[in-house]
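> What shape does this take:
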Amino acid sequence: MVKPKYGYGWALKFVLAAVLIAVGIFMVVSEDIVYIITGFTIVIFSIFRVYPLLKSLNKEVLRTINLIEILIAIVLGAIMIYAGFTQKDSSGALISPWDGLYRWFLVFFLYTRGLVFFVSTTFFNEKTEVPKFIFHIVALTLGSILAVSSDFEAKTLGWIFFIISIGGAVYLSFDGYGGYRKYREYQKSINQPKEKPKDRNVEKDLPKHIEDEVEQPETYIS
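Residues are numbered from 1 along each chain as shown. Coordinates of the predicted model:
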């Protein structure tokens, strides 16, 4: 199958970059959206991990442990989404006890993810990469900070999401720029006037019939 010389994915990336920035700004100024975005992030992150993760793990016990973790994460994310849409007052803040539960849901999610990772690598010899190792160290660190921060506010997490959204928007913008540049190069190539072929004097060589001359002997009259 011939790969097309151009695409329109760059347009979608530009739109998504703008949406990311808008959502990031909105999460800073409005706390209620933070709960909903957090829940959707956890649910999507968990659902799209199921098949590739379970398919690639070699030990049945690891598949079971990871599946249990994923199911718990989906339930926690769904509760966050539910609370974000329904359990809030007129100012957009979560109604007690949901405000406190939200913090502990995050702690449980981060700790569970880090715990499952280090159990897999330590006791079941699951190999990993340096960035993945650092990510789970950060997850455990954030979980510890949230566990002891009784004055935690959702706006703090909103700032973290804002920074992530800016980084994602920059990535999508540069990637979209590369796609748009290729698209414009293709447009330039199809709009350039085609050179007319030069006239060539074609000489047709007519076939020459060469008759074999038969030498006849000369007749002498004496």
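> isn't residue 119 right up against residue 65?
Yes. If you go by Cβ atoms under 8 Å, residue 119 and residue 65 touch, sitting 7.0 Å apart. The way it works is simple: take the backbone N, C-alpha and C, and place the C-beta from them, glycine included.
> Which helix in the protein has the most residues?
Criterion DSSP state H: the longest helix present in the chain is helix 154-191.
> packing partners for that one?
Contact analysis of helix 154-191 by 3 or more Cβ pairs under 8 Å, 6 or more residues apart in numbering; DSSP states H and E lists helix 9-29, helix 32-47, helix 98-123 as its packing neighbours.
> for the protein, which spans come out with low pLDDT?
Residue ranges of the chain with pLDDT under 70: 1-6, 90-94, 195-222.
> if I pick residue 18, what's in contact with it?
Shown in contact with residue 18 (Cβ atoms under 8 Å, 6 or more residues apart in numbering): residue 169.
> how near is it to residue 181?
The gap separating residue 18 from residue 181 is 19 Å, by Cβ to Cβ, to the nearest Å.
> follow-up on the earlier one: ok, and which of the helices and strands packed on helix 154-191 has the densest surroundings?
Counting by mean count of other Cβ atoms under 10 Å, helix 32-47 has the highest mean neighbour count of those, with a mean of 19.
> any idea which helix or strand comes after that one?
helix 50-56 (DSSP states H and E).
> chain center to the helix or strand that comes right after that following helix: distance?
Downstream of helix 50-56, the first helix or strand assigned by DSSP H and E is helix 60-86. Taking Cα atoms, centre = their mean, to the nearest Å, one finds helix 60-86 lying 22 Å from the centre of the chain it belongs to.
> Pull stretch 139-146 out as CSV, backbone CA atoms only.
Taking C-alpha atoms only, stretch 139-146 is exported to CSV below (Å, rounded to 0.1, in the frame of the first residue of the first chain):
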residue,chain,number,x,y,z
ALA,A,139,4.8,8.6,42.4
LEU,A,140,5.7,7.3,45.8
THR,A,141,7.2,10.6,46.8
LEU,A,142,4.0,12.5,45.8
GLY,A,143,1.9,9.9,47.6
SER,A,144,3.9,10.5,50.7
ILE,A,145,3.6,14.3,50.5
LEU,A,146,-0.2,14.1,49.9
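> outside of that stretch, which residues touch it?
With Cβ under 8 Å, 6+ apart, stretch 139-146 has contacts from 103, 106, 107, 110, 111, 113, 114, 152.
> a markdown table for the helices and strands packed on helix 154-191, including distance to residue 172?
Output for the helices and strands packed on helix 154-191, formatted as a markdown table (distance: least, Cβ to Cβ, whole Å):
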| stretch | distance to residue 172 |
| --- | --- |
| helix 9-29 | 4 |
| helix 32-47 | 17 |
| helix 98-123 | 25 |
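> Which one of these lies nearest to residue 168?
Smallest distance to residue 168 across these (Cβ to Cβ): 5.1 Å, for helix 9-29.
> Tell me how far that closest one lies from the chain's centre.
In terms of Cα atoms, centre = their mean, the centre of helix 9-29 is found 14 Å from the chain centre.
> For residue 52, grab the count of nearby residues.
9 (other Cβ atoms under 10 Å).
> Now do stretch 103-122: distance to the chain's middle.
Remark: stretch 103-122 is offset 23 Å from the chain centroid, using Cα atoms, centre = their mean.
> Could you list the residues in contact with it?
Counting by Cβ under 8 Å, 6+ apart, stretch 103-122 makes contact with 38, 42, 62, 65-66, 69, 72-73, 76, 79-80, 126-128, 132-133, 136-137, 139-140, 142-143, 146-147, 149, 152, 157, all of which sit outside it.
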